[in-house]
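Structural data only, the sequence is not supplied:
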């Protein structure tokens, strides 16, 4: 059974850091592009970052460039999102995603709240 499980969210003050994890089961994520998305209350889900399967090239939304870093550990079948210098606008539920044969697979999400 294919499953993605996110963790690592929480409440953090502005300027703080969190590291999110996305653990895959039922498949090897090293063969796929893995993406992080987020959805804030009342807003559409948006792409945050991605990492390729071939050369580990990465992509970032302009709003998180220089603050977030995506990485993967294939041995642990896990993708990480290191988030630094967090801002209140980063508050959202964060999801990891991969697509196979035209079907999107999502985790259940992890809540990140940035507030003083």
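Received, thanks. Here the structure is a predicted model, which is why all the values come from computation and not from measurement.

Residue 99: neighbour count?
12 (other C-beta atoms under 10 Å). Just so you know, the C-beta spots here come from the backbone N, C-alpha and C atoms, and that holds for glycine as well.

looking at it, it is touching residue 32, isn't it?
Yes - the pair residue 99 and residue 32 qualifies as a contact (C-beta atoms under 8 Å) at a distance of 7.4 Å.

partner residues bridging the spatially most central residue of the chain?
Centroid-nearest residue in the chain, with C-alpha atoms, centre = their mean: residue 36, separated by 3.1 Å. Residue 36 has the following beta-bridge partners by DSSP bridges: residue 49, residue 96.

I'd say it and residue 48 touch.
Yes - taking C-beta under 8 Å as the definition, residue 36 is a contact partner of residue 48 at 4.5 Å.

anything in contact with each of those two?
81, 94 (C-beta atoms under 8 Å, 6 or more residues apart in numbering).

can you map out the helices along this structure?
In the chain, no helices are defined using DSSP state H.

Could you report the neighbour count for residue 25?
11.

what's the answer for residue 53, then?
Around residue 53 there are 16 other residues, counting by other C-beta under 10 Å.

try residue 26
The tally of other residues near residue 26 (other C-beta under 10 Å) stands at 10.

Likewise for residue 37?
Neighbours of residue 37 (other C-beta under 10 Å): 22.

Surely it is in contact with residue 43?
No - if you go by C-beta under 8 Å, residue 37 and residue 43 don't touch, sitting 11.5 Å apart.

Across the sheet, point out what pairs with residue 5.
With DSSP bridges as the criterion, residue 5 is bridged to residue 23.

I'd say it and residue 107 touch.
Yes - in this structure residue 5 lies within contact range of residue 107 using C-beta under 8 Å: 5.6 Å.
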